[in-house]
Each structure stands twice: as C-alpha cells, then as structure tokens.
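Asks: After the sequence you'll find the predicted model.
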Amino acid sequence: MTEASGAAFDPWSVVTTKQAEIAQRFLADRELDELLAIKNSGEQAALPADAASAWRERLVRAIGAVDQTVSSSRLPVEPADESVAAVESWLRQVRRARWD
C-alpha cells in the first residue's frame, strides 16, 4: 500500500507508464506501429536484415540517451532492500492468484 493513497502499489502501472514515455520520446508513431506489428507476428518470425539494422540503430540511440541521463536520475544505482522485498512479495502474490 502507498502511504499517500492507501491503495496497493502496482509496479506494472509504473512499468507500463515508463514504456509509454520511452516510446513517445524515442519512437515516432509509425515506428511504434512497425515494432508492434513485428512483435505481434510472433517470436518465430524472422526479422529481415534491413529491419534488424534499423532497429539496432534505434536501440543504440535509446541506450545512449539513457546513458547520458543516468547521472541526473533521481533513482538510486541499486534498489533498496525493502523495495526488492516488496516487489518479490507482490510477484509471489500475483503468481499465486493466477495459479489457482
């Protein structure tokens, strides 16, 4: 639970939000649509060499942008032990709920 709202903390909402922010910052809508189409074609589909090259360049740009901003990030280099424990506990709860 978060202290401010009293609601349960949902790490997936943070991940989803961050993925959307990253996609909006680094990928044009056309590129995002292309990436989703490739992903939705299935893991077994071969990626054409020209597409692989283009995505490799985009990935290098994205990693470079992360590397440039890491020093100004408010996030710690390593997560706090209690944060790791909280996420592991949450993950166990999700797995149990979906197992039954």
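Replies: Everything's here; your move. Residues are numbered from 1 along each chain as shown.
Asks: what mean pLDDT does the host helix or strand of residue 85 have?
Replies: Assigned by DSSP states H and E, residue 85 belongs to helix 81-99. In this model, helix 81-99 has a mean pLDDT of 91.
Asks: any idea how far residue 63 is from residue 99?
Replies: To residue 99, residue 63 is 36 Å away according to CB to CB, to the nearest Å. In this view, the C-beta of every residue, glycine as well, is placed from N, C-alpha and C.
Asks: Next: residue 56.
Replies: 38 Å.
Asks: more crowded one of the two?
Replies: residue 56 (10 against 6; other CB atoms under 10 Å).
Asks: From the contact counts, what lies against the top helix by length along the chain?
Replies: Counting by DSSP state H, the longest helix found in the chain is helix 49-69. Counting contacts by 3 or more CB pairs under 8 Å, 6 or more residues apart in numbering; DSSP states H and E, helix 49-69 packs against helix 11-26, helix 29-40.
Asks: For it, C-alpha coordinates in PDB please.
Replies: In PDB, the C-alpha atoms belonging to helix 49-69 read as follows (Å, rounded to 0.1, in the frame of the first residue of the first chain):
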ATOM      1  CA  ALA A  49      18.100  -7.800 -42.200                       C
ATOM      2  CA  ASP A  50      17.200  -4.200 -43.100                       C
ATOM      3  CA  ALA A  51      14.600  -4.100 -40.300                       C
ATOM      4  CA  ALA A  52      17.100  -5.600 -37.800                       C
ATOM      5  CA  SER A  53      19.700  -3.000 -38.800                       C
ATOM      6  CA  ALA A  54      17.200  -0.100 -38.400                       C
ATOM      7  CA  TRP A  55      16.100  -1.300 -35.000                       C
ATOM      8  CA  ARG A  56      19.700  -1.900 -33.900                       C
ATOM      9  CA  GLU A  57      20.400   1.800 -34.700                       C
ATOM     10  CA  ARG A  58      17.300   2.900 -32.800                       C
ATOM     11  CA  LEU A  59      18.300   0.800 -29.800                       C
ATOM     12  CA  VAL A  60      21.800   2.300 -29.800                       C
ATOM     13  CA  ARG A  61      20.300   5.800 -29.800                       C
ATOM     14  CA  ALA A  62      17.900   4.800 -26.900                       C
ATOM     15  CA  ILE A  63      20.700   3.300 -24.800                       C
ATOM     16  CA  GLY A  64      22.900   6.300 -25.500                       C
ATOM     17  CA  ALA A  65      20.100   8.600 -24.300                       C
ATOM     18  CA  VAL A  66      19.700   6.500 -21.100                       C
ATOM     19  CA  ASP A  67      23.500   6.600 -20.500                       C
ATOM     20  CA  GLN A  68      23.600  10.400 -20.900                       C
ATOM     21  CA  THR A  69      20.800  10.900 -18.300                       C
END
